[in-house]
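In: Pasting the sequence and the predicted model now:
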Amino acid sequence: MFATLSDRLTSTFKNLRTKGRLSEADIDATVREIRRALLDADVAVPVVRSFAAAVRERALSSEVSGALNPAQQVVKIVNDELVTILGGQNRPLTLAKNPPTVIMLAGLQGAGKTTLAGKLALHLKGQGHTPLLVAADLQRPNAVTQLQVVGERAGVPVFAPHPGNQGHDDVLPSGADPVAVSREGLATARAKQHDVVIVDTAGRLGVDAELMAQAGRIRDAVDPDEVLFVIDAMIGQDAVATAQAFADGVGFTGVVLSKLDGDARGGAALSVASVTGRPILFASTGEKLTDFEVFHPDRMASRILD
Ligand code: GDP
C-alpha cells in the first residue's frame, strides 16, 4: 500500500545522509519533499499541513538525541509524527462490563464490512469469546448469504432474517426490517449467552441520508459498545468526506482500515484517525478470514519508513 510513499520518504532521507549539520534551508527543503510525498499519497491536506509543521518545528529545535546524525534525527521525527497521526497507541476493543458486548459495523457498500465481520468474529473466538454475527444488511440481496458463508468459515453462528439457514428458532416474524433484526439478534445473543454480538449493517455506494438514518436507528436499538467505521484504504481523497459524513450521521467509536493489501496510494489510511479523532483498531489485509491485524500505529509507521 505505501510502497511509493516509502520510496519517496527514503530517498528524501538519503539526501541528508552526507550532511554534517542541517541548516534551516536543508530542513525546509526536506519538509517540502515530505509534504509533497504525503500529498501525492492522497493524505488529507490539513493532515499534511500539521504534519509538515510539526516535523519542521522539531527538526529546527533538534531536540533529538545527539547520538543521532541529522538524517537519523529527521527519520526519528517523521516516524514519531506518523505514529501520532495514526493515533499514537493501539486502542483495544471496548468490552462491555455486562456481556454481551455489542459491536456495530458501518461504512459504504463494498468497504469490506461483511468480510471484516467474519474476521473479527474469528479473532474474538480465538480469544475465547463466543460471538454471534447478526445480518442486518438487508439492502444488498446477497449480503445475508455472504455473512452466513463467512460465519460458517469462521465457525461462528449467524442470526439472519431468513428462515432455514440457522435452524427454525431463528426464523423471524420481523420480515426485512434491519432494526428489528438487530434487536432480535441481540435478544438471541442474550438468550444463548453469546458474549459478543457483531451487527453487520447496510452500506450504499455513496453516503446518503436514508443509510445514515437506518444506521442511526440500528445504533439506537442495540446501544453498541463500539461502532466501527470500516473504510476501504484505497478510496483516496474521498476518504475524509466519507469518514466525516459517518462521524456526523451515525457517530463511531473506532475505525477499521480495509484493503490495506491494495496498491493504491493509501492516504485514507494515513488521514482518517487524525481527521476524525477516532482510533484505528484493526486492519484488514486481504480476502481471507485470517488477513486481519490488530492495528498498531508504531508498527505501521515503521513499515512505511522501512
Ligand atoms: P461490504 O459491502 O462493506 O460488506 O463489503 P464486503 O465485505 O462484501 O467486501 C467487498 C469486497 O472487497 C469483497 O469482494 C471482499 O472479498 C473484498 N475485501 C474485503 N476486505 C478486503 C481486504 O482487506 N483486502 C482485499 N484485497 N479485499 C477485501
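Out: Arrived safely. Numbers count the residues shown, from 1 in each chain.

In: Quick check, the residue in the stretch 151-300 of the chain closest to the ligand?
Out: Per CB to the nearest ligand atom, the residue of the stretch 151-300 of the chain with the smallest distance to the ligand is Ser284, at 3.4 Å. Where you see a C-beta, it was placed from the backbone N, CA and C, and this is true even at glycine.

In: Can you tell me which residues in the stretch 201-306 of the chain are near the ligand?
Out: Within the stretch 201-306 of the chain, the positions adjacent to the ligand are Gly203, Ser258, Lys259, Asp261, Gly262, Ser284, Thr285, Gly286, Glu287, Asp291 by CB under 6 Å from any ligand atom.

In: Dump those residues into CSV; add secondary structure, neighbour count and distance to Lys125 as well.
Out: What follows is these, written out as CSV (DSSP: H, G, I helix; E, B strand; the rest coil; neighbours: other CB atoms under 10 Å; distance: CB to CB, whole Å):
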residue, secondary structure, neighbour count, distance to Lys125
Gly203, coil, 26, 24
Ser258, strand, 28, 20
Lys259, coil, 27, 23
Asp261, coil, 14, 23
Gly262, coil, 16, 27
Ser284, strand, 25, 17
Thr285, coil, 19, 19
Gly286, coil, 15, 19
Glu287, coil, 10, 19
Asp291, coil, 16, 16
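
In: which one among those residues gets closest to Arg35?
Out: Set against Arg35, the nearest of these by CB to CB is Gly262 (23.7 Å).

In: The closest residue to the closest one other than its chain neighbours in helix, strand or coil?
Out: Closest residue to Gly262 in three dimensions, ignoring its sequence neighbours and counting by CB to CB, 6 or more residues apart in numbering: Met234, at 4.4 Å. Following DSSP: H, G, I helix; E, B strand; the rest coil, Met234 is assigned to coil.

In: contacting residues for Met234?
Out: The neighbourhood of Met234, defined by CB atoms under 8 Å, 6 or more residues apart in numbering, consists of Lys259, Gly262, Ala264, Gly266, Ala268.

In: Phi, psi for it please.
Out: For Met234, the backbone dihedrals are phi -90, psi 0 (criterion: degrees, to the nearest 10).

In: what's the answer for the one 3 residues further on, then?
Out: Torsion angles at Gln237 (phi, psi; degrees, to the nearest 10) stand at phi -60, psi -20.

In: Could you check how many residues crowd around it?
Out: Residues within reach of Gln237, counting by other CB atoms under 10 Å, total 14.

In: still on that earlier bit, which of the contacts of Met234 has the weakest pLDDT?
Out: Lowest pLDDT within the contacts of Met234 is found at Ala264 (75).

In: Excluding covalently adjacent residues, which one is nearest to that residue?
Out: Met234 (3.7 Å).

In: what are the ranges of the strands in this structure?
Out: 101-106, 131-136, 158-159, 196-201, 226-232, 254-258, 280-284, 292-294 (DSSP state E).

In: got the contact list for the residue sitting nearest the centre point of the chain?
Out: Taking CA atoms, centre = their mean, the centroid of the chain lies closest to Val256, which sits 1.9 Å from it. Val256 sits next to Leu105, Gly112, Leu116, Leu228, Phe229, Val230, Ile231, Ile280, Leu281, Phe282, Ala283, Ser284 when contact means CB under 8 Å, 6+ apart.

In: re earlier: which of the contacts of Met234 sits closest to Val207?
Out: Checking the contacts of Met234 against Val207 by CB to CB gives Ala268 as the nearest, at 14.6 Å.
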